[in-house]
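Engineer: Next come a sequence and a model predicted from it.
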Amino acid sequence: MSTHKNTRRDFLRKSATLTAGVTAAGLTTVGGLTGCSAAQEPQSPVVFEPGKPVPWINWAGNEYCYPSQRLAPTNDEQVADALKQAQGVVRAVGSSHSFSPVVPTDDTLVTTDLLSGLVSHDSELNQAEVWAGTRLHDLGLILGGIGQALPNMPDMDYPSIGGCIANSVHATGTQFGSMSTYVLGMTLATPSGDIIECSADKNPDIFQAARTSVGSVGIASRIKLQNHPSFNLTEVNGVEKAEEVLDDLDNRFAQHRHFEMYFLPYSDWSLTVATDEAKPGDKNVGEDDPHAVNILRKVFDAVTWIPGVGEDIYQRLIEMELKKSAAINTVRTGPSYQVFPHDRIVRFREMEYTVPAEAGPACIREIMQTIRKKKLPVCFPLEYRHVKADDIWLSMFEGRAGASISVHQFGDIDYKSVFAEIEPIFWKYEGRPHWGKIHTLDAKRLKALYPRHWQDFHEVRRSLDPSGKMLNQHLKHIFLG
Amino acid sequence: MNSSTALRSLAQVLTIGIVASLASVTLAQGLTARQTTLMVNNCVQCHTKPILGAPLIGDQKAWKEVLKKGEDTVLRNVVQGFGSMPPLGYCSTCDEADFRALIQAMSGLTNTATP
């Protein structure tokens, strides 16, 4: 194992200082690699003027719509009424964090901001029923107040719990399934406006479909969760040689409650994040830096444009600083709902596929080699996580443990060209795309990735929504072809 | 306690877990209970964290600087997104009146309509 460890923040900051005196004036490609800084995408996909209709726009700014009707229910009955009375295509929205066009509709948008908070709880069983629009950043606090905690959480807490369940949102840890696996039951308003309860015992087929439905079988108003007793975590961040970590990957996942790593394009180094239950005496060391990725971008842009040698200089700058650095890891410790999430203030677009866990290392190696070989203009770290298998019909983890690999591009740069080069690699490894992230697969290809339950799911979906009321253009593409 | 301090205190209280009781809360600054819920579910997650750089709830000095651009410009930035500020500030429910009320309430300023 490498002995060169440092804080993520120091690592990036020190790398940035090395660029002093190196200008990024020549961002055009001169036989080298194009830098990232030249913004190609507007801040917003549409222009808003006061007094005019307010558009809906997603977090990443790559999707928008102008719904003719926007409804904000506050209880089960209002959700059902919204569905009963709505004309045209109905879609629901949580925090708007999906990158794929799962939300846009010109007709009826049902917002869930007002469906928020705790409904009831059972302290003995560590179970809680919450409104589906509850944001994870509120949910952590709410559950903490009753001595409970989600077993696992993503690395950001902006989404609503309803949105997480609809799309099988997940975190990392070989002993933990996606958030959909925590669900014990749901109160669901069907597309026809009926209110039904579903669980493993009650309407079990509808439950199986609703646990990951991309919002196609109605709108969940309440969700009952199986939680854990409150617990504290300690997260340790490090910088290590990527190949050394990959060679030791099974041990890392086995040794830690949660483990993930970030691969740095054009570098042999990676960032590692190991998280375990906190021990007495654990203390914070350093601090998270939500701006860090922008610093990486500056370093990348400052040197990689140099013809022929830019990538090598970039790699050497990073490595040289690491070798000088002291072995100090950034440590964050505290209640689980504060340690799991990180602040996200750098806008990006994301594509994620989940490949069989055992194929993960080969897949990420091929992606990193392709980025170098094709000189793809990307410096945003790629995220690598493992998730336990489950039995949910349209879950990316159905029937197999998964390695989820996420590719990002900054929000002001065209992502399509880079994603187009990388997406076929995921296909080679039988990757299943994240429902809420960018991909290009249609129903025919998705059906082949879910051979066991694609038909089961669609029988339930058609029985609940025979007219396709919940299907916008994107859902027609992924479900009907 | 002045109004901005009161609002900041309220936001801190709300963010430490009394989210479920919001239905009965109405802010003195003119927010309805509904708008207060929208603020807690969306705005407070960034506007109460100094490290993120967003003007903090009740920080009149910071908001005066922001509002030098005029409330209409701030409104455009809120809807379209601006720098790290996500489009709509995560609030898909909010209409123009909601956004204006939230800007005014979070700024702690009584009149934000003119620069």
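Structural biologist: Yep, it's here.
Engineer: pretty sure A:S68 is in contact with A:D107, am I right?
Structural biologist: Yes - A:S68 is within contact range of A:D107, at 5.8 Å (criterion: Cβ atoms under 8 Å). Every C-beta, even on glycine, is put in place using the N, C-alpha and C of the backbone.
Engineer: Is the strand or helix carrying B:Q35 positioned near chain A?
Structural biologist: Counting by DSSP states H and E, the element that carries B:Q35 is helix B:33-38. Yes - using Cβ under 8 Å from any Cβ of the partner chain, helix B:33-38 comes into contact with chain A via B:R34, B:T37, B:L38.
Engineer: Look up how far A:L114 lies from the first one.
Structural biologist: Separation of B:R34 from A:L114 (Cβ to Cβ, to the nearest Å) stands at 7 Å.
Engineer: Which one's more surrounded, these two?
Structural biologist: Between B:R34 and A:L114, A:L114 has the larger neighbour count (other Cβ atoms under 10 Å in any protein chain shown), namely 21 against 18.
Engineer: pLDDT-wise, which helix or strand of chain A ranks last?
Structural biologist: helix A:8-17 (a mean of 48; mean pLDDT, DSSP states H and E).
Engineer: list the contacts for the closest residue to A:I161 other than its chain neighbours?
Structural biologist: In space, and not counting its chain neighbours, A:I161 is closest to A:T134: 5.3 Å by Cβ to Cβ, 6 or more residues apart in numbering or on different chains. Taking Cβ atoms under 8 Å, 6 or more residues apart in numbering or on different chains, we find A:T134 in contact with A:L115, A:S116, A:G117, A:I142, A:S160, A:I161, A:G162, B:V19.
Engineer: Mind doing that once more with 10 Å?
Structural biologist: The contact partners of A:T134, by Cβ atoms under 10 Å, 6 or more residues apart in numbering or on different chains, come to A:94, A:112-113, A:115-119, A:142-143, A:160-162, A:222-223, B:19-20, B:41.
Engineer: Tell me if I'm right that B:C94 and A:L114 touch.
Structural biologist: No - B:C94 is not in contact with A:L114 according to Cβ atoms under 10 Å; the separation is 11.1 Å.
Engineer: what do the two both touch?
Structural biologist: A:A72, B:R34, B:L38.
Engineer: Which phi and psi values does A:T275 adopt?
Structural biologist: Reported as degrees, to the nearest 10, the phi and psi values for A:T275 are phi -130, psi 130.
Engineer: pretty sure it contacts A:F231?
Structural biologist: No - counting by Cβ under 10 Å, A:T275 stays clear of A:F231, with 11.3 Å between them.
Engineer: Look at those two and report which has more neighbours.
Structural biologist: A:T275 (25 against 15).
Engineer: low pLDDT regions in the chain?
Structural biologist: All of this refers to chain A. For chain A, the stretches with pLDDT under 70 are A:1-39, A:295-296, A:318, A:320-328.
Engineer: that's the other chain; I wanted chain B
Structural biologist: In chain B, residues with pLDDT under 70: B:1-29, B:110-115.
Engineer: wait, is A:P53 part of a strand?
Structural biologist: No - under the criterion used here (DSSP: H, G, I helix; E, B strand; the rest coil), A:P53 is coil, not part of a strand.
Engineer: can you pull the contacts of the nearest residue to it once chain neighbours are set aside?
Structural biologist: Leaving out its chain neighbours, the residue that sits closest to A:P53 by Cβ to Cβ, 6+ apart is A:Y66, at 5.6 Å. Contact partners of A:Y66, counting by Cβ under 10 Å, 6+ apart, are A:V46, A:K52, A:P53, A:V54, A:P55, A:W56, A:P104, A:T105, A:D106, A:L109.
Engineer: Can you turn the buried part of the residues you listed into a ChimeraX selection?
Structural biologist: Buried residues among those (16 or more other Cβ atoms under 10 Å in any protein chain shown), as a ChimeraX selection:
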select /A:54,55,56,104,105,109
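Engineer: In a markdown table, list the contacts of A:Y66 along with distance to B:F82.
Structural biologist: Shown next, in a markdown table, are these (distance: Cβ to Cβ, whole Å):
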| residue | distance to B:F82 |
| --- | --- |
| A:V46 | 14 |
| A:K52 | 18 |
| A:P53 | 19 |
| A:V54 | 15 |
| A:P55 | 15 |
| A:W56 | 17 |
| A:P104 | 22 |
| A:T105 | 25 |
| A:D106 | 26 |
| A:L109 | 23 |
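Engineer: Just read off the phi/psi values of A:L150.
Structural biologist: The phi/psi pair for A:L150 (degrees, to the nearest 10) is phi -60, psi 140.
Engineer: Check the burial of the closest residue to it other than its chain neighbours by counting its neighbours.
Structural biologist: Of all residues not flanking A:L150 in the chain, A:N227 sits nearest, at 6.1 Å (Cβ to Cβ, 6+ apart). Using other Cβ under 10 Å, A:N227 has 21 other residues around it.
Engineer: how about the helices in the stretch 351-481 of chain A?
Structural biologist: Using DSSP state H, counting those that start in this stretch, the helices assigned to the stretch 351-481 of chain A run over residues A:360-373, A:416-428, A:443-449, A:454-464, A:473-479.
Engineer: Could you do the stretch 1-150 of chain A as well?
Structural biologist: A:8-17, A:76-85, A:136-145.
Engineer: which bits of the stretch 101-250 of chain A sit near chain B?
Structural biologist: By Cβ under 10 Å from any Cβ of the partner chain, the residues of the stretch 101-250 of chain A that approach chain B are A:103, A:109-119, A:130-131, A:133-146, A:157-160.
Engineer: scratch that, the stretch 351-481 of chain A is what I was asking about
Structural biologist: Going by Cβ under 10 Å from any Cβ, the residues of the stretch 351-481 of chain A near chain B are A:G411.
Engineer: From the centroid of chain A, which residue is nearest?
Structural biologist: Of all residues in chain A, the one closest to the mean position by Cα atoms, centre = their mean is A:V169, 6.5 Å from it.
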